[in-house]
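K.L.:
Okay, predicted coordinates and the sequence, questions at the end:
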Amino acid sequence: MTIKSSVDSCVKLKLLEGGYCTHKEKMVIRGGINEDVKFHSMFALIIHPTEGVILYDTGYTKRFYQETNKFPYNLYAKITPVYVKDEDTAISKLRSMNIQAEDVKYIIISHFHADHISALKDFPKAKFIYFKNGYDKVKNLKGFFAVKEGFLSGLLPDDFIERSIMIDSEKDQYKIKNIEPFEQAFDYFGDGLIKFIPLPGHYRGHLGALVQGENNQKYFLIADSCWLSKSFKENILPHPFANIIMDNSNKYEQTLNKINTFYKNNPDTEIIPSHCNEIYNKYIGK
């Protein structure tokens, strides 16, 4: 089917949920409660006026269970308990809106943790957009090294490389004027509607997307730069133990500082962490 945004100067954006995991809240934000909290795995459906259907990440699928049923990958599932049903998956959510798998033209991958890539195999026609250095970091990892990075190679389609659009943040291709206070920005589609911003720290090649939505509403998809809106609003770091799974804790803190500055300078932009319950309740929950 052909799907287009109704206004050429913007995209339509809809947040969806693809399962959830549980963690102690105190691990993701200092001062949080010492109780398990449900963290929804959100992804974004973007309808571009000329490019059609685009996803920003994908949420979980039951493939996560299949890929973590043996040692040492089962450690991933024990550390991060995951809950997902067939009806929770991206493909199921899209079909309920009369969008078929073949309609998805692009999937923007913020990073390669399982909750962001579990549904890639469900979209056989999609091209994958991501920062090259993120994939380079994990592509050859196996065993404990892969578990530490939260990377399950079996979630990637066999033709992943053939369908990949790798953006090299060290080169000028697709680079545009930086968006303060961030040092780099990229525009693959060339129309200013979806701008990619490196948000390093949580993961190598961590990719945020600044999206021009309808009614002049802007959205800043920041993936796992923090897990709660309170974190960037008040500039609160996660528990020090969380540094163990980070690519670079110093860069993480710098990125959070920049998002806090961006938030203060752009109060009308909706900043969206992928697991924030406040955002989930506003756009998805009942």
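P.N.:
Perfect, I can see it now. Fair warning: this is a prediction, and the values are worked out from it, not measured in the lab.

K.L.:
Show me the strands in the protein, by range?
P.N.:
Along the chain, the segments classed as strands by DSSP state E run 12-24, 36-48, 52-56, 82-83, 104-108, 127-131, 164-167, 175-176, 185-186, 194-198, 207-212, 218-223, 270-273.

K.L.:
now for the ones you listed, which one comes closest to Asn257?
P.N.:
strand 218-223 (13.0 Å; C-beta to C-beta). In short, each C-beta sits where N, CA and C put it, glycine included.

K.L.:
which residues are contacting that closest one?
P.N.:
Here strand 218-223 makes contact (C-beta atoms under 8 Å, 6 or more residues apart in numbering) with 13, 44, 56-57, 110-111, 116, 199, 202, 206-213, 232, 259, 262, 266, 268-274.

K.L.:
hmm, try it at 6 Å
P.N.:
13, 44, 56, 110, 208-213, 269-274 (C-beta atoms under 6 Å, 6 or more residues apart in numbering).

K.L.:
with these in mind, which one is nearest to Phe241?
P.N.:
Closest approach to Phe241 among the contacts of strand 218-223 (C-beta to C-beta): Pro273, at 19.2 Å.

K.L.:
and Met42, how many neighbours does it have?
P.N.:
When neighbours are counted by other C-beta atoms under 10 Å, Met42 registers 25.

K.L.:
how near is it to Glu87?
P.N.:
With distances taken as C-beta to C-beta, to the nearest Å, Met42 is found 16 Å from Glu87.

K.L.:
re the thing from before, same list (the strands of the chain) but as TSV, adding distance to Ala242 and mean pLDDT.
P.N.:
As requested, the strands of the chain are exported to TSV (distance: least, C-beta to C-beta, whole Å; pLDDT from 0 to 100):
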stretch	distance to Ala242	mean pLDDT
strand 12-24	10	95
strand 36-48	13	95
strand 52-56	23	98
strand 82-83	18	96
strand 104-108	25	99
strand 127-131	22	99
strand 164-167	27	98
strand 175-176	31	94
strand 185-186	27	97
strand 194-198	20	98
strand 207-212	19	98
strand 218-223	15	98
strand 270-273	14	98
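
K.L.:
now these as JSON lines including distance to Phe64?
P.N.:
Listed next are the strands of the chain as JSON lines, based on distance: least, C-beta to C-beta, whole Å:
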{"stretch": "strand 12-24", "distance to Phe64": "8"}
{"stretch": "strand 36-48", "distance to Phe64": "10"}
{"stretch": "strand 52-56", "distance to Phe64": "17"}
{"stretch": "strand 82-83", "distance to Phe64": "5"}
{"stretch": "strand 104-108", "distance to Phe64": "17"}
{"stretch": "strand 127-131", "distance to Phe64": "18"}
{"stretch": "strand 164-167", "distance to Phe64": "22"}
{"stretch": "strand 175-176", "distance to Phe64": "34"}
{"stretch": "strand 185-186", "distance to Phe64": "29"}
{"stretch": "strand 194-198", "distance to Phe64": "26"}
{"stretch": "strand 207-212", "distance to Phe64": "21"}
{"stretch": "strand 218-223", "distance to Phe64": "17"}
{"stretch": "strand 270-273", "distance to Phe64": "20"}
